[in-house]
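1. following is a predicted model, sequence given first.
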Amino acid sequence: MTPREQTALLSTVSAARQRTYLLALTTGLRRGELAALAAEPGRLDLAAGVVRLRPEETKNREETCLPVPEPVLRLLRGAGLSLDIPTMKDWHRDLLNAGIEYETSEGVADFHALRVTFATNLARAGVPLVVAQKLMRHSDPKLTSNVYSRFGTAEVREALSRVVPAIIPATVPDTKEEEVVLV
């Protein structure tokens with residue numbers, strides 16, 4: 001999801017659903033993992049700022065302890081941990097209300113798209129791949145970088161805007177009379 005789509009989704013749902021989506025967007029938790037937290041909220045340790053999941057609740061069958069970003073912790077502390085895990089019908093309605101297409105040429109915006117968005121946001125923020133891999137709980141960094149990090153034309157253009165100025169001054173002469181050919 002684009003940043004605009006994330007904002008639209010969060011602004012069109014109830015407070016409890018917003019907390020659920022925020023937790024997914026900022027931890028990469030899967031829908032089933034969030035459901036396990038909702039069923040036993042004591043495993044979201046607000047004091048320590050972590051989410052704890054038992055091995056039987058995770059896809060990789062490993063015990064998980066993930067950090068929760070401070071702004072999300074503040075929101076959860078203020079409201080208590082009341083999550084609203086959407087049914088698929090609810091999810092589709094939330095997307096529709098936010099103006100987000102469920103299916104596009106880029107793929108399907110199922111609930112797992114929040115996890116993909118988390119990975120993409122980590123990459124957008126320049127988080128080192130090894131850290132993103134750990135947060136995503138992937139065994140292979142290729143999965144994190146090639147499958148879960150999705151960039152569009154806007155991100156590529158922005159990256160080029162940072163690189164090109166560093167190259168151009170070193171290769172383009174100061175005079176306007178000379179023709180310069182960049183290879």
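-> Structure received.
2. centre-most residue in this structure?
-> In the chain, the centroid-proximal residue (Cα atoms, centre = their mean) is Phe118; its distance is 1.3 Å.
3. check which helix or strand that one maps to.
-> Element membership of Phe118, judged by DSSP states H and E, is helix 113-124.
4. hey, what's the angle from the very next helix or strand once past that helix to helix 113-124? Just curious.
-> Toward the C-terminus, helix 113-124 is succeeded by helix 129-136 as the next helix or strand (DSSP H and E). If you take axes from the mean of the first three to the mean of the last three Cα atoms, to 10 degrees, helix 129-136 sits at 160 degrees to helix 113-124.
5. picking up where we left off before, can you pull the buried residues of the helix holding Phe118?
-> Applying a neighbour-count criterion of 16 or more other Cβ atoms under 10 Å, one finds 113-123 buried in helix 113-124. Where C-beta positions appear, they are placed from N, C-alpha and C, glycine not excepted.
6. chain center to it, what's the gap?
-> Chain-centre distance of helix 113-124: 3 Å, with Cα atoms, centre = their mean, to the nearest Å.
7. what's that helix in contact with?
-> Residues outside helix 113-124 that contact it (Cβ atoms under 8 Å, 6 or more residues apart in numbering) are 1, 6, 21, 24-30, 107, 131-132, 135-136, 144-145, 148-151, 155.
8. closest to Ala36 among the buried residues of helix 113-124?
-> Set against Ala36, the nearest of the buried residues of helix 113-124 by Cβ to Cβ is Arg115 (15.1 Å).
9. and the gap between the closest one and Ala79?
-> To Ala79, Arg115 is 23 Å away according to Cβ to Cβ, to the nearest Å.
10. so what's the residue count around Ile85?
-> Using other Cβ atoms under 10 Å, Ile85 has 19 neighbouring residues.
11. let me fix that, I meant to ask about Leu46.
-> When neighbours are counted by other Cβ under 10 Å, Leu46 registers 14.
12. leaving out sequence neighbours, find the closest residue to it.
-> Nearest in space to Leu46, with sequence neighbours left out and distances taken as Cβ to Cβ, 6 or more residues apart in numbering, is Arg77 at 5.4 Å.
13. no more questions from me, cheers.
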